[in-house]
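Q: sequence first, then the predicted structure:
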Amino acid sequence: MRSLLLLSLILCSSAFYAQLPAPDFTITTSDGQVRQLYADYINQQKLVVVEAFFTSCPPCSAHATPFQNLYTAMKAEYPGQVEFMLLSTLVTDTNVKVAQYLTNKNMTMLGAGKDGGSITALQPYMGGAYGAFQGTPTFFIIAPGSGQVFFDIRGNSATETMALLEAKIGDLIPKNCTVTDPFGEALEEVEMNIDAAGFDSTFLVSGTYDLSDVASLQNRSYTLKPTRDGHPSGLTTYDLVLISKHILALEPLQCPWQIIAADVNCSGSVTTFDIVNARKVILGIENNFPCGSMRFMPDSAAVSNGKCQSFIGVNLGDVNAGPCTDSLNAPTLERKVSNKLWFRDRYLKAGETLSVPVYLEHPAFAEGLQLSFSFNPAKAEMRQISSDILPEFSSDIWHNQGGLVRLSWFHLPGVDVQPHTALFQVQFTVLQDVWLSELLQWSSGEDFPAEIYSPKGYIHQLRASSWQGIAQIYPNPAKGYFWLSMENEAGEQLIQLTDVQGKKVFKERFVLEKGFNLLEIDCPQIPPGIYMVLANNVPIGKVILK
């Protein structure tokens with residue numbers, strides 16, 4: 001009875017130890033870097049192997065080379081999924097002593113001494129919370145994700161201890177390999193090619209795959225190579241701006257996946273030829289890049305014995321796909337703001353050739369611009385798009401394919417665009433009588449968003465609007481001032497504002513030229529409210545002052 005009770009207590013005690021997760025700790029390793037157990041490893045799905053040691057411990061020295069060999073093998077077998085570290089139990093072991101120990105033993109793993117926080121980190125394990133501490137060296141494993149501790153993995157020799165550690169690592173790290181984007185999201189329908197002597201096969205992977213049960217791959221070597229077909233996705237003119245800044249060394253791209261994404265022609269370097277290729281795809285001149293729409297890190301992998309390899313797929317051209325995942329670099333910032341394109345609507349007569357100016361509602365400093373519109377080729381013939389204010393604006397930056405027009409412009413260091421100056425103008429010869437607003441159909445779809453790009457990540461999301469009559473009021477609502485865009489005959493124009501009771505609160509006379517005129521209405525003294533705008537006593541619209 002006493003024996004059964006003792007066995008029961010031992011089992012309960014073992015279960016208690018197994019269920020305790022590792023407490024978090026922060027250490028400064030001998031290379032001067034600050035590391036946090038959960039933030040840097042466990043929450044990143046990395047397994048951590050810890051050796052409690054001290055620099056003058058003879059058994060620790062005997063385990064040093066086998067432990068380093070295991071570390072090298074595990075890093076190769078599970079790249080990016082394991083980390084080993086040495087934590088000293090001795091108060092006289094400083095980080096300098098630990099660094100010297102690592103050098104003397106040809107060890108490349110992390111290490112920390114007392115001044116790096118090693119004793120504080122080890123205290124729960126030396127205090128018996130996970131089982132009896134039997135001195136140094138003591139090895140334990142902290143599982144990825146859960147933080148579960150597997151304490152005092154110990155054999156009868158250094159070789160046996162390393163074998164037990166290797167087996168436990170293999171149990172805790174998933175056998176499945178992943179195929180994801182740079183941010184850990186699973187990629188669907190990736191073709192995986194297996195190339196081996198006398199064996200060639202291709203299968204589809206969606207997120208994860210496992211080759212351990214494929215009998216034909218046991219006891220042989222082979223190469224894995226992933227590919228994915230499809231049209232380039234996520235590519236916009238903003239990516240061209242960022243690639244250009246990288247080439248000019250103004251704002252170099254930071255992450256490895258961004259460099260791969262920028263090299264759209266797969267030449268091995270990022271050059272202006274990549275920008276030329278990317279713009280052709282944006283404009284629809286080309287359907288794909290010379291080496292396809294996606295590249296993988298690594299491109300291929302040589303493996304054996306039913307093992308697999310995890311791959312990261314990168315959409316070529318899309319250097320702005322998301323934040324830089326390197327913790328030493330700041331994430332890419334996007335600040336979305338709203339802006340509007342507008343043009344004056346009018347009735348067009350067949351045979352007429354006209355230039356349609358397009359304006360911005362709000363000022364913007366433009367480093368890049370993209371938009372698209374369509375028109376009916378049976379009703380008009382488009383001759384050109386031009387701009388008086390955007391440098392390097394040529395026929396190379398727009399493409400008309402059967403009435404679908406795409407425009408992609410960028411220029412560094414950028415251009416200041418004001419609402420009273422036309423951003424660009426589109427020239428048509430009219431073939432049939434039609435309203436301009438019916439002829440031009442502006443697009444703002446997700447596949448080709450209408451946007452203007454400004455420094456520091458500001459993206460102006462554009463929507464188009466037409467207006468009729470003799471005037472356009474903007475901004476509206478306004479504060480302190482607003483603009484009147486007017487197109488009429490030459491002569492004097494009296495502009496007035498009246499409140500909701502009809503009381504006149506503002507008046508000013510302007511001399512207009514024939515055609516387009518831009519009038520600034522400066523009214524900071526007028527209280528907030530809704531006011532009628534009159535031109536020569538004719539109501540032309542309402543303005544909200546705030």
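A: Now that the structure is in, tell me what you want to look at.

Q: tell me the pLDDT at Q19?
A: Q19 carries a pLDDT value of 57.

Q: wait, doesn't F54 sit right on V91?
A: No. The pair F54 / V91 is not scored as a contact, 9.5 Å apart, by C-beta atoms under 8 Å. C-beta: built from backbone N, CA, C; applies to glycine.

Q: ranges for the strands of the stretch 351-500 of the chain?
A: Under the criterion DSSP state E, counting those that start in this stretch, the stretch 351-500 of the chain carries strands at the ranges 353-360, 364-374, 380-386, 398-401, 404-417, 424-430, 434-435, 441-443, 451-454, 458-467, 471-474, 481-488, 491-498.

Q: relative to S267, which of these is closest?
A: With C-beta to C-beta as the criterion, S267 lies closest to strand 404-417 of the strands of the stretch 351-500 of the chain, at 21.0 Å.

Q: give me the sheet partners of that closest one and which way each runs.
A: strand 364-374 (antiparallel), strand 398-401 (antiparallel) (DSSP bridges).

Q: of these, which is nearest L172?
A: strand 364-374 (47.6 Å).

Q: so how far is the closest one off the chain centroid?
A: If you compare the mean C-alpha spot of strand 364-374 with that of the full chain, they lie 21 Å apart, counting by C-alpha atoms, centre = their mean, to the nearest Å.

Q: got it, and stretch 300-314?
A: Taking C-alpha atoms, centre = their mean, the mean C-alpha location of stretch 300-314 is offset from the chain mean by 24 Å.

Q: repeat that for stretch 499-511.
A: 51 Å.

Q: on that earlier part again, now the strands paired with strand 404-417 as TSV including mean neighbour count?
A: Below are the strands paired with strand 404-417 laid out as TSV (neighbours: other C-beta atoms under 10 Å):
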stretch	mean neighbour count
strand 364-374	23
strand 398-401	18
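
Q: need those strands in a markdown table with mean pLDDT and distance to S233, can you?
A: Supplementary listing: those in a markdown table, determined by pLDDT from 0 to 100; distance: least, C-beta to C-beta, whole Å:
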| stretch | mean pLDDT | distance to S233 |
| --- | --- | --- |
| strand 364-374 | 95 | 15 |
| strand 398-401 | 96 | 19 |
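
Q: domain assignment for this protein?
A: In terms of domains, the chain is parsed into 2-172, 175-330, 333-468, 469-546 (source: automatic domain parsing).

Q: go through the top helix by length along the chain and flag the buried ones.
A: Secondary structure assigned by DSSP state H gives helix 58-77 as the longest helix of the chain. Taking 16 or more other C-beta atoms under 10 Å as the neighbour-count basis, helix 58-77 is seen to contain the buried residues C60, H63, A64, P66, F67, Q68, L70, Y71, M74, K75.

Q: need the residues that contact it.
A: Identification of contacts with helix 58-77 by C-beta atoms under 8 Å, 6 or more residues apart in numbering yields 49, 51, 53-54, 82, 84, 105-109, 136-137, 158-159, 161-162, 165-166, 169, 307.

Q: with respect to S338, which of the strands of the stretch 351-500 of the chain lies nearest?
A: strand 458-467 (5.8 Å).

Q: contacts only, for G515.
A: Applying C-beta under 8 Å, 6+ apart, we find G515 in contact with E487.

Q: distance of it relative to V430?
A: When distances are taken as C-beta to C-beta, to the nearest Å, G515 and V430 turn out to be 19 Å apart.

Q: now L248. Nearest residue, chain neighbours left out?
A: In this structure, L248 finds its nearest non-sequential neighbour in L412, 6.7 Å apart by C-beta to C-beta, 6 or more residues apart in numbering.

Q: that neighbour contacts E251, doesn't it?
A: No. If you go by C-beta under 8 Å, L412 and E251 don't touch, sitting 10.1 Å apart.

Q: now for those two: what residues contact both?
A: Shared contacts of L412 and E251 (C-beta under 8 Å, 6+ apart): K245.

Q: quick one, which of those two is more surrounded?
A: Legend: neighbour count by other C-beta atoms under 10 Å for L412 and E251, higher for L412 (15 against 12).

Q: next, the contact list for that one, please.
A: Contacts of L412 were listed using C-beta under 8 Å, 6+ apart, and they are V241, S244, K245, L248, L250, E367.

Q: between all of those, which two are separated the most?
A: Of all pairs drawn from the contacts of L412, the one with the largest separation by C-beta to C-beta is L248 and E367; the distance is 11.9 Å.

Q: how many other residues sit next to the nearest residue to S269 once chain neighbours are set aside?
A: By the measure of C-beta to C-beta, 6+ apart, the closest residue to S269 outside its immediate chain neighbours is D263, 6.7 Å from it. Close neighbours of D263, defined as other C-beta under 10 Å, add up to 23.

Q: so how far is T94 from D263?
A: Taking C-beta to C-beta as the measure, D263 and T94 are separated by 45 Å.

Q: can you show me the strands along the stretch 101-250 of the chain?
A: Assignment of strands within the stretch 101-250 of the chain using DSSP E, counting those that start in this stretch yields the ranges 110-112, 138-142, 149-150, 177-180, 190-196, 199-205, 208-209, 221-227.

Q: who does the first one pair up with?
A: Using DSSP bridges, the strands paired with strand 110-112 in its sheet are strand 82-88 (parallel).

Q: and the contacts of the strand it pairs with?
A: Residues contacting strand 82-88 (C-beta under 8 Å, 6+ apart): 27, 29, 41, 46-55, 67, 70-71, 74-75, 97-98, 101-102, 107, 109-114, 118-119, 121-122, 169, 173.

Q: give the buried residues for it.
A: Neighbour-count burial for strand 82-88, with 16+ other C-beta under 10 Å as criterion, is recorded at V82, E83, F84, M85, L86, L87, S88.

Q: reformat these as a markdown table; add pLDDT.
A: As requested, the buried residues of strand 82-88 are arranged in a markdown table below (pLDDT from 0 to 100):
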| residue | pLDDT |
| --- | --- |
| V82 | 94 |
| E83 | 97 |
| F84 | 98 |
| M85 | 98 |
| L86 | 98 |
| L87 | 98 |
| S88 | 97 |
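
Q: for those, which one is nearest A471?
A: A471 has its nearest neighbour among those in E83, at 67.5 Å by C-beta to C-beta.

Q: about what we covered before: most tightly packed of the strands of the stretch 101-250 of the chain?
A: Burial among these, expressed as mean neighbours by mean count of other C-beta atoms under 10 Å, is greatest for strand 110-112, which shows a mean of 26.

Q: on that earlier part again, give me the angle between the longest helix of the chain and strand 138-142.
A: Our comparison of helix 58-77 with strand 138-142, counting by axes from the mean of the first three to the mean of the last three C-alpha atoms, to 10 degrees, yields an angle of 30 degrees.

Q: restrict helix 58-77 to CA atoms and write it as CSV.
A: In CSV, the C-alpha atoms belonging to helix 58-77 read as follows (Å, rounded to 0.1, in the frame of the first residue of the first chain):
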residue,chain,number,x,y,z
PRO,A,58,34.8,19.8,-16.3
PRO,A,59,31.6,17.8,-17.3
CYS,A,60,30.4,20.9,-19.2
SER,A,61,33.7,21.0,-21.2
ALA,A,62,33.2,17.3,-22.0
HIS,A,63,29.7,18.1,-23.4
ALA,A,64,30.8,21.2,-25.3
THR,A,65,31.8,19.7,-28.7
PRO,A,66,28.9,17.2,-28.8
PHE,A,67,26.5,20.0,-27.9
GLN,A,68,27.9,22.3,-30.7
ASN,A,69,27.7,19.4,-33.2
LEU,A,70,24.1,18.9,-32.3
TYR,A,71,23.4,22.6,-32.6
THR,A,72,24.9,22.7,-36.1
ALA,A,73,22.9,19.7,-37.2
MET,A,74,19.6,21.0,-35.8
LYS,A,75,20.0,24.4,-37.3
ALA,A,76,20.6,22.7,-40.7
GLU,A,77,17.7,20.3,-40.3
